[in-house]
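Q: Starting from these lines, generate the structure:
(2 chains)
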Amino acid sequence: MLKANETTFEIPRPPPHMRRNRALMLAGVALLVALFVLALVTMQLPTWARFMTGLERNFAPLMRGLVRPNTEVFNLAWTSMVTTFFMAVVGTTLGALLAFPLSFFAAGNLLGGTRWAMPGKALLVAVRTFPELVLAIIFVAAAGPGATAGIMAMGIHSIGYLGKVFSDVVEGIDQGPMEAIRASGGNQLHTFLFAVVPQVLPEFASHVLYRLEINLRAATILGMVGAGGIGLPLIQRLQFRRWDEVSMFLLVIVGFIIVVDAISSRIRSRLV
Amino acid sequence: MPEPAELPRPPAASRLKTTATLVFVVALLVLSLRQTNFNLEALITGTSDFFRFFGRMAPDWTALPQIWPKLLETIQIAYVATVVGTLIATPLIFLASRNTSTDPITMRVARTLLTVLRSVPDLLWAALFVAVLGLGGLPGVVALTFFSIGVLAKLGSETVESIDPGPLEALRAVGAGRNRTIIFAVVPQVAATMVSYILYVFEINVRASVVIGLVGAGGIGQLLNNYLSWFDYTGAGALIAVIFVIVLAIDGFSVWARSKLI
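A: Modelled structure (predicted):
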């Protein structure tokens, strides 16, 4: 409340261009809201009653099971998770080994111009675009279920990501050492080995570790389409709604991922 | 020709550390290869099987009329989940940020919740909600909503914590309450970045909503599963081509829009 003797200042009206921007923004928000409503209405969502009966039937058992993890399946969950981790390690290594040479063919500064890096960059984008699980399901259909399918899917998908970040690292290196080696009579190979590789290696290692974190998450779900790892025993328990066992699996997965993330990010912070 | 000068060797401690790291990495790799039975032979047969199979997936474009509605559903799932996820994540962002949280305990609780949310992969959320809510688009929406909250709140709280504290202190100094401080000091500073993160999350959600159908959570992935189990490889080929184009298009749009924002 203002008292009579208090002075207030009129806040100046925003200038016309800001008012126009504000009108545009409001129109944009209105469009987004309209799209949201349209999407909700046209999606084939179940009726509220069906939704509630589904929830009533499953929610209470779900909660009961989740708070009481079944310790009998701990050993199974733990060994499956360790295998999953090994899958992620192999998949990440495969991706890194394949991405390493490719990344130099997508780095403009080594090829003498952005033009020459275009085919390499396009290839990396194309590889990255295929979702891992789609690759996994194709591998399962082509070569049968198992860890190999998952490792191949992770490996190929990782090439796209690692190749991109590797080539970004290469494009950002200091040109000085390269010129120095060329000036002292080193050839192309010398320049590459002694000026490029030492500069990029720590950052490459950091990106590989980060990719390992991502791949560990991916590896836990690849089993749901038959590509090896903890996903298969987990989805079987989900389908039979054994919530207490699901709970144990979730605990192991979440705990394992959090610990690996913490270790990996500590190493990464010391690398770069 | 003069003898080249000897390069000084790195100190012993540093050499030892490098060697130890290398040994550890190689040992881990060897152990992993043994435990997963992965070897060169598996790599070669896997690759040749893949390409032979790929050859049988020459797209059959007559499958397209079947694909469009499922593609639409995929995008709807991603969009609805992004909107709902953003709405739920917004208050969580401020609770989880050091400079805007109510008290240290709330902050810890919010952060722990977000860490747990983030460590559950998208497809696992989907499988979980399919088991609870049944097949269809709804579990997909709920799953991706949870997934979006984790990603968005993490990125958001990092942004909020890195803002300029000046405006915040100025508003507190004139006696503004928490909500007003947030609205007038924090929101204007983070809005552009946040919109770009929301776009990024939408992009992730489109990618995720393509695959969650593989466990029955609606969208185009369900159709892919059907095609493969009916051995309709040419239909699957067309569908994978569509996925390829749509992911490229959404990525391109998102990169373009984000470059306009910041």
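Q: so what's the residue of the stretch 101-250 of chain A found nearest chain B up against?
A: Per CB to the nearest CB, A:Ala142 is where the stretch 101-250 of chain A lies closest to chain B, at 3.4 Å. Where you see a C-beta, it was placed from the backbone N, CA and C, and this is true even at glycine. The contact partners of A:Ala142, by CB atoms under 8 Å, 6 or more residues apart in numbering or on different chains, come to B:49-50, B:52-54.
Q: Buried ones among those residues?
A: B:49-50 (16 or more other CB atoms under 10 Å in any protein chain shown).
Q: which of the contacts of A:Ala142 are close to chain A?
A: By CB under 8 Å from any CB of the partner chain, the members of the contacts of A:Ala142 lying near chain A are B:49-50, B:52-54.
Q: pLDDT and secondary structure for those residues - can I get that in a markdown table?
A: Shown next, in a markdown table, are the ones next to chain A among the contacts of A:Ala142 (pLDDT from 0 to 100; DSSP: H, G, I helix; E, B strand; the rest coil):
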| residue | pLDDT | secondary structure |
| --- | --- | --- |
| B:Asp49 | 84 | helix |
| B:Phe50 | 83 | helix |
| B:Arg52 | 85 | helix |
| B:Phe53 | 83 | helix |
| B:Phe54 | 80 | helix |
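Q: Between all of those, which two are at the greatest distance?
A: Pairwise distances among the ones next to chain A among the contacts of A:Ala142 were taken by CB to CB; the largest, 9.5 Å, belongs to B:Asp49 and B:Phe54.
Q: Could you look up the SS state of the closest residue to A:Arg22 other than its chain neighbours?
A: Distance criterion CB to CB, 6 or more residues apart in numbering or on different chains; nearest residue to A:Arg22, sequence neighbours excluded, is A:Pro14 at 7.2 Å. Following DSSP: H, G, I helix; E, B strand; the rest coil, the label given to A:Pro14 is coil.
Q: Could I get the full set of helices for the chain?
A: As the question left the chain open, I've gone with chain A. Assigned by DSSP state H, chain A shows helices spanning A:16-42, A:48-67, A:74-104, A:108-111, A:114-129, A:132-143, A:147-171, A:176-183, A:188-191, A:197-222, A:231-239, A:243-271.
Q: meant chain B actually
A: Counting by DSSP H, the segments of chain B that form helices are B:12-36, B:40-55, B:64-96, B:104-119, B:122-133, B:137-161, B:165-173, B:178-181, B:187-211, B:220-229, B:233-261.
Q: what residues are up against the closest residue to B:Arg118 other than its chain neighbours?
A: Leaving aside its sequence neighbours, B:Arg118 sits nearest to B:Gly150 (CB to CB, 6+ apart; 3.7 Å). With contacts defined as CB under 8 Å, 6+ apart, the neighbours of B:Gly150 are B:114, B:117-118, B:120.
Q: Quick check: pLDDT value at residue 134.
A: Since you didn't name a chain, this refers to chain A. On pLDDT, A:Val134 comes in at 88.
Q: look at chain B instead
A: 83.
Q: Tell me, how many residues neighbour it?
A: B:Gly134 has 17 neighbours, counted by other CB atoms under 10 Å in any protein chain shown.
Q: Can you pull the phi and psi angles for it?
A: When read as degrees, to the nearest 10, the backbone of B:Gly134 gives phi 90, psi 180.
Q: OK, contacts around it?
A: Applying CB under 8 Å, 6+ apart, the residues near B:Gly134 are A:46, A:54.
Q: which residues does the residue nearest to the residue of the stretch 101-250 of chain A closest to chain B when sequence neighbours are not counted contact?
A: Nearest residue to A:Ala142, sequence neighbours excluded (CB to CB, 6+ apart): B:Phe53, at 3.4 Å. Applying CB under 8 Å, 6+ apart, we find B:Phe53 in contact with A:138, A:141-143, B:233.
Q: Recalculate using a threshold of 7 Å.
A: For B:Phe53, the contact set (CB atoms under 7 Å, 6 or more residues apart in numbering or on different chains) comprises A:138, A:141-142.
Q: next one: B:Lys70
A: Contacts of B:Lys70 by CB under 7 Å, 6+ apart are B:219-220, B:222-223.
Q: Among these, which one sits closest to B:Ala96?
A: When these are ranked by distance to B:Ala96 (CB to CB), B:Gly219 comes first, at 30.3 Å.
Q: Relative to B:Ile67, how far out is the closest residue to that closest one other than its chain neighbours?
A: Nearest residue to B:Gly219, sequence neighbours excluded (CB to CB, 6+ apart): B:Thr74, at 3.7 Å. Remark: distance between B:Thr74 and B:Ile67 (CB to CB, to the nearest Å) = 10 Å.
Q: Tell me, what's the model's pLDDT at residue 113?
A: As the question left the chain open, I've gone with chain A. On pLDDT, A:Gly113 comes in at 74.
Q: switch to chain B, that's the one I care about
A: 90.
Q: To what extent is it buried, counted in neighbours?
A: Residues lying near B:Leu113 (other CB under 10 Å) number 16.
Q: Same check on A:Val41?
A: A:Val41 has 8 neighbours, counted by other CB under 10 Å.
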